[in-house]
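# structural data only, the sequence is not supplied:
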């Protein structure tokens, strides 16, 4: 009941660590709060006079619990806090794969290449050095990059090196003195993260003006080899009528592979539609995947394997 203690908590919990939320996060929070209020009104009309506990004054707990449950369920958190939960004979990740086994996964890394120039008014542009223009050589190198294609255990992986963001600029009448480009490299799982980074640096070093570039690794995650030769994975491939291909993109298969657990991606849905507005899943694919998994698990159970 101490005002001083309440002020101390408010200053540290509601002010110091407050960060602006992105639009999707704000929309999600509004959706949860509106839904909770609607449910509260429904209960009031549906069950008048019934003793119940109201949400009034506790609405903020709803987006908090949503964050805890969605974040806490991520495999990265589980791996760090409860690693024994991930011990298994085989892991099947329900990624959209079109009903085919997608083996392994690509590795991924991102680097930021920054360059400096000299600021000046555009009316006296000869007095400046445009940092954005200094990126032209690197962007041209990336545009002409020929990605590698590699076959691993019958799965063809295609690499990709792309500029994904360019930042720079001060104002509409100022020659910019700083600019940067973010580059994403999706690499085949026969490369380690260190080898992939060395390759990216080699490409950047070959671009015009590279001696003035500052290169920073901002994110990385290793890939996973197909691993279909493992008995547990091979049985699943057989149950899927031996239809498999390489996985394009990074998935948690990589986490299981690092733990020595065979893992595959297998689920209904076209992966090329992922994250699009027209993303959908054919009902027949759901049934087909269910039949394969049921047959596989029934066979493993009959053989006495742990599930």
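Sure, I can see it. These numbers were taken from a predicted model, which means no experiment stands behind them.

# contacting residues around residue 225?
By C-beta atoms under 8 Å, 6 or more residues apart in numbering, the contact list for residue 225 reads 104, 152-153, 189-190, 257. For the C-beta atoms, the positions are set from N, CA and C on the backbone; glycine is no exception.

# I misspoke; the intended subject was residue 3.
Contacts of residue 3 (C-beta under 8 Å, 6+ apart): none.

# mind checking the backbone torsions on the residue lying closest to residue 244 once chain neighbours are set aside?
Closest residue in space to residue 244, ignoring its immediate chain neighbours: residue 101 at 3.8 Å, by C-beta to C-beta, 6 or more residues apart in numbering. Reported as degrees, to the nearest 10, the phi and psi values for residue 101 are phi -70, psi 120.

# now for residue 101, how many residues are close by?
Using other C-beta atoms under 10 Å, residue 101 has 24 neighbouring residues.

# next one: residue 53
6.

# as a check, name the ranges of all strands in the stretch 151-300 of the chain.
Along the stretch 151-300 of the chain, counting by DSSP state E, counting those that start in this stretch, strands occupy 155-158, 160-168, 174-175, 178-187, 214-221, 244-246, 263-265.

# which residues sit in contact with the closest residue to residue 224 other than its chain neighbours?
Nearest residue to residue 224, sequence neighbours excluded (C-beta to C-beta, 6+ apart): residue 257, at 3.7 Å. The contact partners of residue 257, taken as C-beta under 8 Å, 6+ apart, are 104, 224-225, 227, 263.

# now with 10 Å, please.
91, 104-105, 189, 222-227, 263 (C-beta atoms under 10 Å, 6 or more residues apart in numbering).

# likewise residue 65?
residue 32.

# wasn't it part of a strand?
No. Using DSSP: H, G, I helix; E, B strand; the rest coil, the assignment for residue 65 is helix, not a strand.

# pLDDT at it, what is it?
Note for residue 65: predicted pLDDT of 82.

# of all the strands of the stretch 151-300 of the chain, which one is nearest residue 144?
For the strands of the stretch 151-300 of the chain, distance to residue 144 was read as C-beta to C-beta. The smallest value, 10.6 Å, belongs to strand 160-168.
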